[in-house]
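Q: coordinates for the following, if possible.
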Amino acid sequence: MNLGKAITLGRTQRGLTQAELAKLSRLSVSYLSLLEQNKRTDPSLSTIRSIAEALRIPAGVLFFLAADEKELSGLDVDLQQRLALSALNLLNEPIPKGLI
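A: Sure thing, here's the model as predicted:
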């Protein structure tokens, strides 16, 4: 599982800077940076929920994006592709500018 990759993907797809995502998720920029670099691999579930809420996606989508191929090997390839497309579609919806 690569949560840092998933957070970075979500943030960049949303067009957010680390500072903006940190503010929206009520985290420090330095902590968010450490999470994105996988230098902190122990975020609490409440931290993950805060990040997911800031990205306007369910926490489960963030976990799906963080999953590696081994973790997804039990899923049908077509289902994996449909889930990935749905996740990216969610991330392509703009966040209202008043919230940033």
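
Q: from here on, just use CA atoms for contacts and neighbour counts.
A: OK.

Q: contact partners for R11?
A: Shown in contact with R11 (CA atoms under 8 Å, 6 or more residues apart in numbering): T17, Q18, L21, L55.

Q: in three-state terms, label it for me.
A: Look at R11: counting by DSSP: H, G, I helix; E, B strand; the rest coil, its state is helix.

Q: quick one: the helices in this protein?
A: For the chain, the helices defined by DSSP state H occupy 3-13, 18-25, 29-36, 45-55, 59-66, 69-72, 77-92.

Q: would JSON lines of these with mean pLDDT be doable?
A: Below are the helices of the chain laid out as JSON lines (pLDDT from 0 to 100):
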{"stretch": "helix 3-13", "mean pLDDT": "94"}
{"stretch": "helix 18-25", "mean pLDDT": "96"}
{"stretch": "helix 29-36", "mean pLDDT": "97"}
{"stretch": "helix 45-55", "mean pLDDT": "95"}
{"stretch": "helix 59-66", "mean pLDDT": "90"}
{"stretch": "helix 69-72", "mean pLDDT": "80"}
{"stretch": "helix 77-92", "mean pLDDT": "80"}
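
Q: which of the ones you listed is buried the deepest?
A: helix 3-13 (a mean of 20; mean count of other CA atoms under 10 Å).

Q: what residue of the chain is the furthest out?
A: Most distant residue from the mean C-alpha position of the chain: D76, 22.5 Å away (CA atoms, centre = their mean).

Q: distance of that one relative to M1?
A: Using CA to CA, to the nearest Å, D76 is found at 19 Å from M1.

Q: returning to that earlier point: I'd like the contacts of R11 as JSON lines, with distance to L32 appended.
A: Formatted as JSON lines, the contacts of R11 follow (distance: CA to CA, whole Å):
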{"residue": "T17", "distance to L32": "11"}
{"residue": "Q18", "distance to L32": "7"}
{"residue": "L21", "distance to L32": "8"}
{"residue": "L55", "distance to L32": "13"}
